[in-house]
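K.L.:
could you work out the structure for the sequence below:
(4 chains)
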2 protein chains.
Amino acid sequence: MTRVLVVEDEPQLLRALGINLRAVRYDVSTAATGSDALRLAAERPPDLVVLDLGLPDMDGTEVVAGLRGWTDVPILVLSGRSDSGDKVDALDAGADDYVTKPFEMDELLARLRAMARRGVSNEDQPIVTFGANTVDLAARRISRAEDEVRLTPTEWHLLEVLVRNPGTLLSQRQLLLEVWGPGYETARGNLRLYMGQLRKKLEDDPARPVHLLNEPGMGYRFQP
Amino acid sequence: MTRVLVVEDEPQLLRALGINLRAVRYDVSTAATGSDALRLAAERPPDLVVLDLGLPDMDGTEVVAGLRGWTDVPILVLSGRSDSGDKVDALDAGADDYVTKPFEMDELLARLRAMARRGVSNEDQPIVTFGANTVDLAARRISRAEDEVRLTPTEWHLLEVLVRNPGTLLSQRQLLLEVWGPGYETARGNLRLYMGQLRKKLEDDPARPVHLLNEPGMGYRFQP
DNA sequence: AGCGGTCCTAACGAAGCCCTAACGCCGCCG
DNA sequence: CGGCGGCGTTAGGGCTTCGTTAGGACCGCT
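P.N.:
Predicted coordinates:
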């Protein structure tokens, strides 16, 4: 049976994860702190690790580094909305994939399956191509016709939300809530600004977007 | 017994909901704020959630997201006339159904039964097909014979109301109230206008509609 | 302190959408 | 046969939304 180590300090979420994972026949062990996690992993090396970044005792990056020092076990990171910086650091430190809270349990399970299937340390398919662009969400890189495209953190966040919902129309309220957080639901001008930036960097003809589309009065849509 | 969590801040409505739900043998627990709701749901996961969008402490979307982060429990949203934007966002965030205030208690109970029957972890049916059209309500997308059809916000709203009540005759007053809100009950010309737009975009022969039908003096009917 | 980069606000044409009004058409009734 | 009301369609003005540019505030870094 596949052994999963879940590292999560919120009891409710820990419980929910345990139930769901056991329901699909994983052998689950849990830890509430980073040090516990490292100790447990050393005692009985798991096949997969689910790691919340918001731990009380250690930085998520340190936990990843502590594991990566001696094992290639696939690590899936759970990141809250506010930890986007930590998330990037964790991926750089060697995590394999991530899911942003709040997440669908289905999605988490799917990503876990993908990681288990690939076996050891391979990338998921957070790689999306559209037009001349190749977007690697996990590595945070974009190449556009052999060139590198550089995006600011906010641009990344916005693009990420769009790319993760291909073909779906996202209301401006939804986007603002996801990217800027509560309290910015009315800053529509901001959204227009950053959508413009993305188009300028990613569209062949920024004045006539093909992939980053607006539907007046409704919201924006990413069309692969 | 089926457990229902009711999230409602108006005491009278909360009381009415409690009485009616208990009368039909639901096990009811209640919360007056979003944070209470999340806490209660975590402690004793309910089988159904009835959620008012107009809560004092949190945005309805956040509550839905907070639940969807770890559970697939069916969520029915109560939305006031003024929260129509919130309602859409709540559905996008993962709510399963909604009822507009003021509502008939019978209808709410019926929709609750429908959600319970579908059971946990079953999705809505946000995809409807009629004629050459495929309507994806969640993604806000319509394809018509390989082509994309673009609808304005008002057209979407109107179509949504019709599609959610297939085969049912909806009075003009009902439609006007739902789409345009109070104060526009007499703007019949408006309804004719937008019905025409929908027919032009969705019917094979707009002059001889097959799916978007009028019953003179009565109202309109959507025929799948 | 200076500087490059990022983020936010304000402002302004341009485009799109919504509503009102008006005109034909049809069926119904006197 | 003529009036009447409901329906469908078209056209135009007012308003909202969108894309874009410019400028200033706020970092972290040298």
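
K.L.:
from now on I want contacts and neighbour counts done on CA atoms only, so please keep to that.
P.N.:
Fine.

K.L.:
quick one: name whatever helix or strand follows the least confident helix or strand in chain A by mean pLDDT.
P.N.:
Among the helical and strand segments of chain A, the one scoring lowest on mean pLDDT, DSSP states H and E is helix A:84-93, with a mean of 69. Proceeding C-terminally, helix A:84-93 gives way to strand A:97-100 as the next helix or strand, assigned by DSSP states H and E.

K.L.:
can I get that following strand in PDB, CA atoms only?
P.N.:
The C-alpha coordinates for strand A:97-100 follow below in PDB (Å, rounded to 0.1, in the frame of the first residue of the first chain):
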ATOM      1  CA  ASP A  97       3.700  20.200  -7.000                       C
ATOM      2  CA  TYR A  98       1.400  22.400  -5.100                       C
ATOM      3  CA  VAL A  99      -2.300  23.000  -4.400                       C
ATOM      4  CA  THR A 100      -3.700  26.300  -3.200                       C
END
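
K.L.:
for it, name the packing helices and strands.
P.N.:
strand A:75-79 (3 or more Cα pairs under 8 Å, 6 or more residues apart in numbering or on different chains; DSSP states H and E).

K.L.:
wondering if the strand it packs on reaches chain B at all.
P.N.:
No: residues of strand A:75-79 are not located near chain B by Cα under 8 Å from any Cα of the partner chain, the shortest gap being 11.2 Å.

K.L.:
got it, and stretch A:151-170?
P.N.:
Yes: under the criterion of Cα under 8 Å from any Cα, stretch A:151-170 makes contact with chain B via A:Gly167, A:Thr168, A:Leu169, A:Leu170.

K.L.:
and these as CSV, adding secondary structure?
P.N.:
Formatted as CSV, those follow (DSSP: H, G, I helix; E, B strand; the rest coil):
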residue, secondary structure
A:Gly167, coil
A:Thr168, coil
A:Leu169, strand
A:Leu170, strand
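
K.L.:
how about the strands in chain A?
P.N.:
For chain A, the strands defined by DSSP state E occupy A:3-7, A:27-31, A:48-52, A:75-79, A:97-100, A:127-130, A:133-136, A:141-144, A:147-149, A:169-171, A:212-215, A:219-222.

K.L.:
TSV for these, including mean neighbour count?
P.N.:
Output for the strands of chain A, formatted as TSV (neighbours: other Cα atoms under 10 Å in any protein chain shown):
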stretch	mean neighbour count
strand A:3-7	22
strand A:27-31	18
strand A:48-52	26
strand A:75-79	24
strand A:97-100	21
strand A:127-130	15
strand A:133-136	20
strand A:141-144	18
strand A:147-149	12
strand A:169-171	23
strand A:212-215	18
strand A:219-222	21
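
K.L.:
spell out which residues of chain A are next to DNA strand C.
P.N.:
Contact residues (Cα under 7 Å from any atom of the strand) of chain A with DNA strand C: A:151-155, A:180, A:187, A:189-190, A:193, A:215-217.

K.L.:
what subset of those is buried?
P.N.:
A:Leu151, A:Trp180 (16 or more other Cα atoms under 10 Å in any protein chain shown).

K.L.:
show me what contacts A:Val7?
P.N.:
Contact analysis of A:Val7 by Cα atoms under 8 Å, 6 or more residues apart in numbering or on different chains lists A:Leu14, A:Thr30, A:Ala31, A:Ala32, A:Thr33, A:Gly34, A:Ala37, A:Val49, A:Val50, A:Leu51, A:Asp52.
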